[in-house]
Structures are given as structure tokens and as C-alpha cells.
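> sequence below, structure please.
(chains A and B)
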Number of protein chains: 2
Amino acid sequence: VRLGIGDDAALVEVRRGHELILTTDLSLEGIHFVRALHPPRAIGHRALARSLSDVAAMGGVPRFALVSLALSRRISRSWLKGFYSGVFALAQRFTVTVVGGDTAVIPGSISIDVMVAGEIARGRAIRRSGARPGDQLFVSGRLGLSAMGLQWLKANARTQVHSKRAKWNANPKVEINDAVQAHLYPEPRCALGRFLSHERLTSALIDVSDGFSTDLKRLCLSSGVGARVWADRLPLPDVALAGVSAPTHIMNFALHGGEDYELLFTVPKLKASRIPRKYRGVSLHHVGEITRSTRIMLSLHNGREVPLKSAGYDHFAKED
Amino acid sequence: VRLGIGDDAALVEVRRGHELILTTDLSLEGIHFVRALHPPRAIGHRALARSLSDVAAMGGVPRFALVSLALSRRISRSWLKGFYSGVFALAQRFTVTVVGGDTAVIPGSISIDVMVAGEIARGRAIRRSGARPGDQLFVSGRLGLSAMGLQWLKANARTQVHSKRAKWNANPKVEINDAVQAHLYPEPRCALGRFLSHERLTSALIDVSDGFSTDLKRLCLSSGVGARVWADRLPLPDVALAGVSAPTHIMNFALHGGEDYELLFTVPKLKASRIPRKYRGVSLHHVGEITRSTRIMLSLHNGREVPLKSAGYDHFAKED
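Numbers count the residues shown, from 1 in each chain, chains lettered A, B, ... in the order given. Here you go, the predicted structure:
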């Protein structure tokens, strides 16, 4: 970084032989977070994580961030401090430099926009559009954990009204902690994305930001293909969570819950065996295959196939 | 552009030997614009112009833009169409490619964030911090025109309530049209910025976004210097506008009115004669000099000097 916050604009270097990746994501109070459920540190973390995940979904390395924040005078200094600590802690861990931004005072709810610039070796970016019939479908991590964490936070918030005591401190099951952690502090899969682009293993790649069914549909639409998903191979949250939700709900969370920020990718059949079970602690799951028909089908345990409808988060006219 | 809207992120090239300039600017309903006064096309134009002006103020060339837009369902399609036509018309004229963005539906007022990536030959960026005592102070165009245009729009809006007929169509003086045009469709000085950096004429450069007095103070603070401004050299709006405002008001608009998006720059004394009177139709004015004392003084017609207080637009915690 040659020049950061404090001049008219930031001045940075892009390494020779690299292309620039640009992405931006809004995080809006009442849409993407609510202050009653999300601590300020988590709001900052999540706002940046969304854009880092977009860079991961190209196979790139995030380098620089700009953070725009519009908020009312009623927001406390400690909220602001928490927000920025969430942004900076995540940025530091991913060696991303926050080079600038803009702030403004508004009467209404909080509006955040985070732009990230990343880089990738020329010609190595992985599109959504490269999936071909016969390619094998993989997904990282576990699906639906974030949505389950959110449900737990909501249930807990209601409890608080009565008991004036958060279940937070009630030694909840470890699995609940995992789900809440996945929701509040999602981990962008940048190292995995880089591995996939570097090893040239992947024909198409997208991040699961709006739900598995929605993002799989996007990948298929971009590629002009369909897919068959094997229900029994989907990496569901641990059944210990069944105390929170019935098993059918767990499957719903996994298929349609948003904000997992896992990577969904396709691999040509001959290369599929080269995908490891785990990469740097993140499990990788072989969950289906790409088909010539443009339909997206879910293969059930009993051998039946049903159409997999996309029913995830889908903001009005969302384009990236 | 290798990849634009429609994938996880945009993929673009930065030319070899160039550095990357990154900047972002919020445009918020009720703060930066009001729908009663600003047509949607102007709102789009102004939102992008703010960031283009930041790139001009580094001496760079804007290349790519990301446009984030959060708005309520009550906003009409024709408003949206107007907004984007303003963005795209300005982008096209500056050969800037809109490579992506984000959109969301919110219940409250409109929130826009525009990020621009530009480039500049390595080592040629012009900081705010390079002004030295003895350097000569220049400003482009005319000062205060935008603020006067806004005042006219406000007065006109009040008139509309009574007459149900806009003065818009009442064949106003050409000078009023200039002021309204300067407010609604400001012209970022990118060609001038590029000229100044290319010719290595300039020791410090800033754009006049928050008012001459405010931005001059920023330049002086960054450089650790002061300035003497010659009141009779300031490029005031045409006196024909005196019908709208008294002469003292005109001086106030010139010194403190925001959103002129002119360039304010310093030139070492020996190079000052190389600054042309006009560059590509934009007049350049020699309005003062940089001093060792860190005070900023206004030299009046009668030879007296008074401190020039900064009193422009200055949003809470604004950083670029």
C-alpha cells in the first residue's frame, strides 16, 4: 500500500501477471442483521466476510478493502468500536488491508457497504459458467449451520424477554455453539478457493451465500447444465441439533439456509479423485454430478428423484 | 474487462507499470440529495462523479466502477431507469466500465455507494501532502456555482408549491442554468488531473468536494503548511447571479459552498508560469500562495488580511 486512509483515494499495487478482482456487498440493518441479535463485532465481521467469500469464489486472494458506513447519531461509540474491531480482526487474519471508505450520518437504520479488491494469477479465475455434463459436484464444510445458528439466536432472544437471562451462558451444547459461531463469524474459504484455482481442478465455482439450492441453480444457469444432488451425501449439521429442530427441518436448513459461505464447485470426472477429503481443516464432500438436462434433481435415500426447487435468500435484483 | 456483472466478482486488468487507485463515496437521500430537488438521472450522475473526482484528485484515470444501491419498494421503475441512465452516461463519457455492484430492498431512504478503481503510472500519484512554502496555489473552474444552483433549486421548489409551475421553463438567465447544471451534473476534472500528474507540475492536489475553505485546510494540514488566498483572484460565479444573491453571499458560496468538484493544487514557484490559463476548456486560476506559517489567511481588496475559517460541508468523521 503506497497510500491509505487520509488522501483523496487509496493507492495500491497489483502484482505483475495478476488480474484484479473487484466485488462489493451491502449489509443493511433489518435485512442482513438486526442489532438485537447481532453483536457489533459480528456485524463488522460478516460485512467483510461476504466480500471475501466472493473473492474466494473466483479462486483469488483478497488484498484491499474499502468500508462505507452510514449510521445515525444514536449509535454508541462502543458499537462503532465493536464494529470496526470485527472488520479489522478478520482483515488482519486474511492479510487484507483496509485502505479507506466513507462514513456519513443518517437518520435511519445502519447501512454498510464493503468493497474488496483481490488478485489472481492471469487466466486462473474460476467462473460460475464452466460446469459440463459429467462433472462431479462438491461442497465444503457443513450446510445450514448458519441458518440454524440464526434460528437459535432468535429463539434465545425471545427467551431473554421472559427470563432476563441469556441462554448464552447456560453451557449450551457444543453443536449449538458451532451453529451460532457459523452464523455470527462465518469463515470465508479463501485458502480453499486458491487451492482449487492453483491446482486447476475445478470447472466452475460459486460461494453458498444465499443457500445451496439457490447458488447451485445460479451455477447451473450460468453453465447451461443441470445437476443431480445425492441427499444422503449432503453434509448436514450434526444430528445432536435435532433437539433444536426436527430432522426434516435440518434438511431444509442445509438445502435452503443462506450465509454458509461454503464453496460449491464442479470437477471434471477424471480429476474428481484428486479432491482431498479435507483441505486445511475444511471437509470436502462429493454431493452430486452435473447433468445434460438443465433440471436440478434431488436423489432421495429410497432412490426416488424429486426436483430441487431453489428457495433460499434472494434479494431483489441481486446480481453478484 | 474479463468478467463483469453476473459472476461472484468482476475480473479486470490493470496495465503494467501502473498502480491502482481505490475510492468509495456514499450518496444518501436526505444528506447528499433529496428526491424533491434532484432528478434521478442527476442522482446517478452525482453519485459516480464524486468518486471520479477523487481519482482526478490523485492525477489518475478512472477505469472501473461498482454501484451499490439500497432502496425501498416504493421507488418506481422510471426512477431506477433515470438513476442508471445518469450513472451509465457519465461512465461512458469517461470510459469507465460499471463492472458490478449490489442491490437490496430496504424500508427507509435511498442509500447509494459507488466505488471506483482507477490507475496511474507508477510513482506519478499526487498527494495532498506535498505543498511547500512558496508554492503557488491554483484552482480550476468557478467556485460556489454548485451551492448557488442548489439554492436556486430550493427557492424554485418553494415557488412551485404556489404557482404549480416550475421556473425551470421560464427561460431563466443562462447563468442560472450554469449554476443548476453545475449542481446537478458536476464535471469531474479527470483530464486536468491527468495533465497535472503527467507534466509533473504539481506538488499537492485535492478536489473541492466539501468547499474551498475546508479542502484547502485539509491540503494545508496534510502538508504542514499554511496559505494566503487573494480574495480578488477567486473565480466567483458571474455577477449576473447577483439577482439571486447579494455579492457577499456570492463570496460565501465561493469560499464555503460544497460539491464544486474543481481541483485545488499547488505548483512550485519556478513552474507556476507553465500552468496555462485554460486546459481543455477549463479555466485555471492563480489564487494564492503557500506559507510557512500554518495559518490560512484571506487577503482582502483593501490590503487587510483575515483568517479564512473553514466552514464547508463536513460530514461526521468523513475520511476521504
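> just to be sure, A:Gly101 is in a strand?
Yes. Judged by DSSP: H, G, I helix; E, B strand; the rest coil, A:Gly101 forms part of a strand.
> do you know how far the closest residue to it other than its chain neighbours is from B:Ala57?
Nearest residue to A:Gly101, sequence neighbours excluded (C-beta to C-beta, 6 or more residues apart in numbering or on different chains): A:Val67, at 4.0 Å. Where C-beta positions appear, they are placed from N, C-alpha and C, glycine not excepted. Note on A:Val67: its distance to B:Ala57, by C-beta to C-beta, to the nearest Å, is 20 Å.
> those two: who's more crowded?
B:Ala57 (33 against 26; other C-beta atoms under 10 Å in any protein chain shown).
> lowest average confidence, helix or strand, in chain A?
Ranked by mean pLDDT, DSSP states H and E, the helix or strand of chain A with the weakest confidence is helix A:145-163, at a mean of 76.
> helix/strand/coil for the residue nearest to A:Gly101?
Following three-state DSSP, we place A:Val67 in the strand state.
> is it in contact with A:Thr97, as I believe?
No. Using C-beta atoms under 8 Å, A:Val67 makes no contact with A:Thr97, being 11.5 Å away.
> buried ones in stretch A:286-293, by neighbour count?
For stretch A:286-293, burial by neighbour count (16 or more other C-beta atoms under 10 Å in any protein chain shown) applies to A:His286, A:Val287, A:Gly288, A:Glu289, A:Ile290, A:Thr291.
> elements contacting the helix or strand hosting the second one?
The reference is to A:Val287. Element membership of A:Val287, judged by DSSP states H and E, is strand A:282-291. Helices and strands touching strand A:282-291, by 3 or more C-beta pairs under 8 Å, 6 or more residues apart in numbering or on different chains; DSSP states H and E, are strand A:136-140, strand A:226-230.
> okay, the angle between it and strand A:226-230?
Between strand A:282-291 and strand A:226-230, the angle comes out at 130 degrees (axes from the mean of the first three to the mean of the last three C-alpha atoms, to 10 degrees).
> given strand A:282-291, what are its sheet partners and their directions?
Take DSSP bridges as the rule and strand A:282-291 pairs in its sheet with strand A:136-140 (antiparallel), strand A:226-230 (antiparallel), strand A:278-279 (antiparallel).
> hmm, who's touching the helix or strand just after it?
Going down the chain from strand A:282-291, the next helix or strand is strand A:296-299, by DSSP H and E. With contacts defined as C-beta atoms under 8 Å, 6 or more residues apart in numbering or on different chains, strand A:296-299 is touched by A:213, A:216-217, A:220, A:226-231, A:255, A:288, A:291, A:305-308, A:310.
> go through strand A:296-299 and flag the buried ones.
Quick answer for strand A:296-299 (16+ other C-beta under 10 Å): A:Ile296, A:Met297, A:Leu298, A:Ser299.
> pLDDT at the residue lying closest to the third one once chain neighbours are set aside, what is it?
When you say that, I think you mean A:Leu298. Spatial nearest neighbour of A:Leu298, excluding adjacent residues (C-beta to C-beta, 6+ apart): A:Leu308 at 4.2 Å. Note on A:Leu308: pLDDT of 96.
> tally of neighbours for A:Leu308?
Here the number of neighbours of A:Leu308 (other C-beta under 10 Å) works out to 23.
> hmm, it is touching A:Asp215, no?
No. Contact between A:Leu308 and A:Asp215 fails when scored by C-beta under 8 Å: they sit 11.9 Å apart.
> and the helix or strand hosting A:Val180, how far out from the chain middle?
Assessed by DSSP H and E, A:Val180 sits inside helix A:174-184. Relative to the centre of its chain, helix A:174-184 is centred 15 Å away, using C-alpha atoms, centre = their mean, to the nearest Å.
> repeat that for stretch A:263-272.
Counting by C-alpha atoms, centre = their mean, stretch A:263-272 comes out at 19 Å from the chain centroid.
> so which of the buried residues of stretch A:286-293 comes closest to chain B?
The closest of the buried residues of stretch A:286-293 to chain B turns out to be A:Ile290 (C-beta to the nearest C-beta; 17.7 Å).
> the closest one reaches A:Val225, doesn't it?
Yes. In this structure, A:Ile290 is within contact of A:Val225 by C-beta under 8 Å, at 5.0 Å.
> give the residues shared as contacts by these two.
Overlap of the contact sets of A:Ile290 and A:Val225 (by C-beta under 8 Å, 6+ apart) consists of A:Ala131, A:Arg132, A:Pro133.
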